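Q: Need a 3D model of the sequence below.
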Amino acid sequence: MDLKKIFESKRPCFSLEIFPPKDYQGGVETIYETLDGLKAVRPEFISCTYGAGGNLADSSTIEICSIIKEKYGILPISHLTCVNNSKENIDVILEQLKANGIMNILALRGDLKPGQEPQKDFAHASDLISYIKEKEPGFFISGACYPEGHPDSGDLITDVLDLKKKVECGAEHLISQLFFNNEDFYRFRDRCELAGINVPIEAGIMPVTSKQSILRMVSMCGASIPAKLSKILNRFEDKPKALEEACIAYAIDQMIDLISNEVDGIHLYTMNKPYIAHRIFEVIDPMRE
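A: Below you'll find the model as predicted:
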């Protein structure tokens, strides 16, 4: 099944994100352990992050997407960033993806590297989307969106207009950055509707596993921590197991509310921890029927 057909169903999509292990080249078995643990969750697709930053020698994302497709029979989406890639690099990557039968891409700008000049060909994800659609129209392109606004956007109106440009350039599906207050997502969804953005929007949910890691994450992506979650983090920061349990429950509550409000899908940032995905799936899967 392709992504278009998935979103034609009234059943909310449930998808996962994983990342290549840092020691991938010397330890492929770790990604098998992750995927072995995740296959029982029966996701509609699994996306794999792109950490190469323009290093064509690092093909781990494509290799992992191939494993997802060939060994596990699950639809893969390959992340692809552009700010540190030239058109020539992108051409090589697109050919590698096609050769491996991977026709779904999450097109991203990517992070600027401190002390390193970005490449000149792509300034924004919309540039990459336009380039792929013109050069290789057979790819299904997804894009990222930010319920609380992209950190580089001046305001929420500019942010949604920039997002509309992504869709006009060819993005057919959107996955949101993590958020912890569903009202932020609902307000964002309303802005998208007003702007004429009518592609499926999946809500990105990340279960918190440590206070320090989530504080670091939100500082980079511009998400906020509501008072309810802040109290949980402060109360249990020195009790790792209690914190994990409380934050899994928090994520499940978010998802139940999202499903009740007819979300198009939920994209779970697994952090390569299958047991957390299992805990969540057991609760929410019956609610998606």
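Q: list the helices and strands the helix ranked longest in the chain packs on?
A: Using DSSP state H, we find that the single longest helix of the chain is helix 240-260. Secondary-structure packing of helix 240-260 (3 or more C-beta pairs under 8 Å, 6 or more residues apart in numbering; DSSP states H and E): helix 182-195, strand 201-205, helix 227-236, strand 265-269, helix 274-284. Every residue, glycine included, has its C-beta placed from N, CA and C.
Q: so which of these comes closest to Ser153?
A: helix 182-195 (12.0 Å; C-beta to C-beta).
Q: CA-only coordinates of the closest one, as PDB, when you get a sec.
A: Backbone C-alpha positions of helix 182-195 (Å, rounded to 0.1, in the frame of the first residue of the first chain) are rendered in PDB as follows:
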ATOM      1  CA  ASN A 182      -2.800  19.400  21.800                       C
ATOM      2  CA  GLU A 183      -4.400  22.800  21.700                       C
ATOM      3  CA  ASP A 184      -1.300  24.100  19.900                       C
ATOM      4  CA  PHE A 185      -1.900  21.400  17.300                       C
ATOM      5  CA  TYR A 186      -5.600  22.100  16.900                       C
ATOM      6  CA  ARG A 187      -4.900  25.900  16.400                       C
ATOM      7  CA  PHE A 188      -2.200  25.000  13.900                       C
ATOM      8  CA  ARG A 189      -4.700  22.700  12.000                       C
ATOM      9  CA  ASP A 190      -7.200  25.600  11.900                       C
ATOM     10  CA  ARG A 191      -4.600  27.900  10.500                       C
ATOM     11  CA  CYS A 192      -3.800  25.300   7.800                       C
ATOM     12  CA  GLU A 193      -7.400  25.000   6.900                       C
ATOM     13  CA  LEU A 194      -7.800  28.800   6.600                       C
ATOM     14  CA  ALA A 195      -4.700  28.900   4.400                       C
END
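Q: and that helix, which residues are buried?
A: The neighbour-count check on helix 182-195 (16 or more other C-beta atoms under 10 Å) flags Asn182, Asp184, Phe185, Tyr186, Phe188, Arg189, Arg191, Cys192 as buried.
Q: in this protein, which spans are strands?
A: Along the chain, counting by DSSP state E, strands occupy 13-18, 45-48, 75-81, 104-108, 140-145, 173-178, 201-205, 265-269.
Q: want to throw the ones you listed into CSV with distance to Ile214 and mean neighbour count?
A: Output for these, formatted as CSV (distance: least, C-beta to C-beta, whole Å; neighbours: other C-beta atoms under 10 Å):
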stretch, distance to Ile214, mean neighbour count
strand 13-18, 16, 23
strand 45-48, 20, 25
strand 75-81, 21, 23
strand 104-108, 21, 25
strand 140-145, 19, 24
strand 173-178, 9, 23
strand 201-205, 12, 25
strand 265-269, 11, 25
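Q: which one of those strands lies closest to Ile252?
A: Of all those, strand 201-205 sits nearest to Ile252, with 9.3 Å by C-beta to C-beta.
Q: May I have that closest one exported as CSV, CA atoms only?
A: Presented in CSV, the C-alpha positions along strand 201-205 are these (Å, rounded to 0.1, in the frame of the first residue of the first chain):
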residue,chain,number,x,y,z
ILE,A,201,-1.2,16.2,8.6
GLU,A,202,0.2,13.7,11.1
ALA,A,203,0.8,14.7,14.7
GLY,A,204,4.3,14.0,15.9
ILE,A,205,4.4,12.7,19.4
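Q: distance between it and the chain's centre?
A: Chain-centre distance of strand 201-205: 8 Å, with C-alpha atoms, centre = their mean, to the nearest Å.
Q: Next: stretch 77-84.
A: The answer for stretch 77-84 is 12 Å, by C-alpha atoms, centre = their mean.
Q: what residues does it touch?
A: With contacts defined as C-beta atoms under 8 Å, 6 or more residues apart in numbering, stretch 77-84 is touched by 3, 45-50, 53-54, 61-62, 65, 90, 93, 97, 102, 104-113, 116, 118-119, 121-123, 125, 127-128, 142.
Q: Averaged pLDDT, the longest helix of the chain. What do you get?
A: The average pLDDT for helix 240-260 rounds to 96.
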